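Colleague: the following comprises the amino acid sequence and a computationally predicted model.
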Amino acid sequence: MPLELTPEQRLVLQTRSEGPIEVVDPATCQSYILLDREQYNKLLARDKRADNLPETRPARLPLPVPQHLDELPTPYEVTEEARRLFAKRQSGGGKSLRMLEEELKIQFYYGGLCVSYLRTPKGIVVVAAGRSGGDEYQRGLEAVPAEQRRKLVLCLPSRWNDEDSQILTPNDDES
């Protein structure tokens, strides 16, 4: 059952700056956060997106390297985002659908990590992933034969669905 605002509460809502309002129950000293419907819906949508991620998405579990990107399942949301970007860019040329899907798949599985990979005739092979300069990442790089090291591609993909940072995403030219 919805509660009605008192005149005092309405005044606070009208004079506040953006963001939630903290409310305290004086009887219990319990603190609550009051959000407007739009803010609540945004939070709810974000939670639903997180709940609907396929189980194939690692919860920061390291993937073995080398890892053929084609051997990892392609989540539905990656496929849909690649198609959307491809349709948007088709008139101006640019990347193929497969290239967009590969970039997004790297972001999905390795977002937030330093990633080095090789492009091969059979597709992308991730050879190192981890914190830049970290032992795990260094071991992956050292396992690559010297003649192939100069062919390595280094990327720093943002985390999948990261709304707080737009740094170095495969889509950062899109606005």
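Modeller: Thanks, I have it.

Colleague: specify the local secondary structure of residue 22.
Modeller: strand (DSSP: H, G, I helix; E, B strand; the rest coil).

Colleague: ok, it - contacts?
Modeller: Counting by Cβ atoms under 8 Å, 6 or more residues apart in numbering, residue 22 touches 31-34. Every C-beta, even on glycine, is put in place using the N, C-alpha and C of the backbone.

Colleague: redo the residues you listed as a markdown table? Include distance to residue 87, secondary structure and pLDDT.
Modeller: Shown next, in a markdown table, are the contacts of residue 22 (distance: Cβ to Cβ, whole Å; DSSP: H, G, I helix; E, B strand; the rest coil; pLDDT from 0 to 100):
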| residue | distance to residue 87 | secondary structure | pLDDT |
| --- | --- | --- | --- |
| 31 | 47 | strand | 70 |
| 32 | 44 | strand | 73 |
| 33 | 39 | strand | 73 |
| 34 | 41 | strand | 73 |
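
Colleague: by neighbour count, which of those wins?
Modeller: residue 34 (15 neighbours; other Cβ atoms under 10 Å).

Colleague: without its sequence neighbours, what residue ends up closest to residue 123?
Modeller: Spatial nearest neighbour of residue 123, excluding adjacent residues (Cβ to Cβ, 6 or more residues apart in numbering): residue 70 at 4.6 Å.

Colleague: hang on, the earlier thing: closest one to residue 124 out of the contacts of residue 22, please.
Modeller: Nearest to residue 124 among the contacts of residue 22 is residue 33, at 43.4 Å by Cβ to Cβ.

Colleague: separation between the nearest residue to residue 21 once chain neighbours are set aside and residue 7?
Modeller: Leaving aside its chain neighbours, residue 21 sits nearest to residue 34 (4.4 Å; criterion: Cβ to Cβ, 6+ apart). Computed as Cβ to Cβ, to the nearest Å, the residue 34 to residue 7 distance reads 16 Å.

Colleague: repeat for residue 29
Modeller: From residue 29 over to residue 7 the distance is 24 Å, taken as Cβ to Cβ.

Colleague: which pLDDT value goes with residue 164?
Modeller: Note for residue 164: predicted pLDDT of 60.

Colleague: buried set for stretch 142-159?
Modeller: 144, 155, 157-158 (16 or more other Cβ atoms under 10 Å).

Colleague: could the residues you listed be laid out in TSV, adding pLDDT?
Modeller: Below are these laid out as TSV (pLDDT from 0 to 100):
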residue	pLDDT
144	90
155	91
157	90
158	87
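
Colleague: of the residues you listed, closest to residue 43?
Modeller: Residue 43 lies nearest to residue 158 out of the buried residues of stretch 142-159, by Cβ to Cβ, at 20.6 Å.
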